[in-house]
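Asker: The amino acid sequence is not available; the structure is as follows:
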């Protein structure tokens, strides 16, 4: 439930530390036993989605190139962090640079390491006319494999994961976060934003046949996946992965679909975590 006393305004919506209130119909959509079999993806298909995860993201970027996501100019305001001094930032899941290029423009002393699962995304990133080899080191990297991140341990001031962890299988999330903690300096920060529990997209997936992989974890039509985080789950996950929670809240906003004349509730989760 949302307690109005715990809501504050944000550039990208209102914030709260309590979950969105859902209707009885929404509850039935997610949890009614008779709907579970219809929603569930067969195990053999789940294994294929996991095996082909990189392929699906490559196809996503080949279809959409650099036109899908808007540049994110809100980073400094939303995370309330001082990046004016000379710092190293590691962006995990950089895509085509919607997060890093605005930061480079605002912060002349910032240097960035950037990785992505998709080789197509990295190619598009490097083709951007604003790509500066003196300030950006980009590489293809699978966070879920057994190799270590090719960055010196304890060398990064800030890491960012913006709509990245949700695409990873829940069983692998803790291992991924521990690898990230290794490259952060002691006291360094992880900036995080992703899909929150009871986001509109979660109900859209639940109403479709065979889109549920596991609890709060769904697959899109294109084969990419999305996990919807609760504050409790994320707090525990980060705590066991060598991070303390500095800030964490749900972000509530509404998206208007002009064509269909509907307004839908969006729920994101945003946090700032400090390496222990």
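Answerer: That came through, no problem. The model shown is predicted, which means the values in this text are computed figures rather than measured ones.

Asker: going forward, measure contacts and count neighbours with C-alpha atoms only.
Answerer: Fine.

Asker: which residues touch the helix or strand encompassing residue 25?
Answerer: Assigned by DSSP states H and E, residue 25 belongs to helix 24-31. Helix 24-31 is contacted by residues 35, 203, 206-207 when judged by C-alpha atoms under 8 Å, 6 or more residues apart in numbering.

Asker: Mind putting those residues into a markdown table with distance to residue 274 and pLDDT?
Answerer: Compiled in a markdown table, those are given as follows (distance: C-alpha to C-alpha, whole Å; pLDDT from 0 to 100):
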| residue | distance to residue 274 | pLDDT |
| --- | --- | --- |
| 35 | 40 | 78 |
| 203 | 32 | 95 |
| 206 | 34 | 93 |
| 207 | 37 | 92 |
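
Asker: now that we have the residues you listed, which one has the most neighbours?
Answerer: Neighbour tally across the contacts of helix 24-31 (other C-alpha atoms under 10 Å): the maximum, 22 neighbours, falls on residue 206.

Asker: Mind listing what's buried along the helix or strand following the helix holding residue 25?
Answerer: Counting by DSSP H and E, the element after helix 24-31 in chain order, helix or strand, is helix 33-39. Buried residues in helix 33-39, counting neighbours by 16 or more other C-alpha atoms under 10 Å, are found at 36, 39.

Asker: tell me which residues of the helix or strand just after helix 33-39 are tucked away?
Answerer: Once the chain leaves helix 33-39, the next helix or strand it forms, by DSSP H and E, is helix 43-51. Buried residues in helix 43-51, counting neighbours by 16+ other C-alpha under 10 Å, are found at 46, 49.

Asker: Tell me which residues of the helix or strand following helix 43-51 come out buried.
Answerer: Sequence-wise, the next helix or strand downstream of helix 43-51 (DSSP H and E) is helix 53-64. Within helix 53-64, the residues that count as buried by 16+ other C-alpha under 10 Å are 53-54, 56-61.

Asker: can you check stretch 162-174 too?
Answerer: 162-170, 173-174.

Asker: Return the subset of those lying in strands.
Answerer: Secondary structure from DSSP state E places residue 162 of the buried residues of stretch 162-174 in strands.

Asker: Now the residue lying closest to residue 50 once chain neighbours are set aside, what are its backbone angles?
Answerer: Nearest non-adjacent residue to residue 50, counting by C-alpha to C-alpha, 6 or more residues apart in numbering: residue 169, 7.5 Å away. Per-residue torsions, residue 169: phi -60, psi 130 (degrees, to the nearest 10).

Asker: For residue 143, see how far away residue 169 is.
Answerer: As for residue 169, its distance to residue 143 is 11 Å (criterion: C-alpha to C-alpha, to the nearest Å).

Asker: Point to the residue nearest the middle of this structure.
Answerer: What sits nearest the mean C-alpha location of the chain, by C-alpha atoms, centre = their mean, is residue 163, with 1.8 Å.
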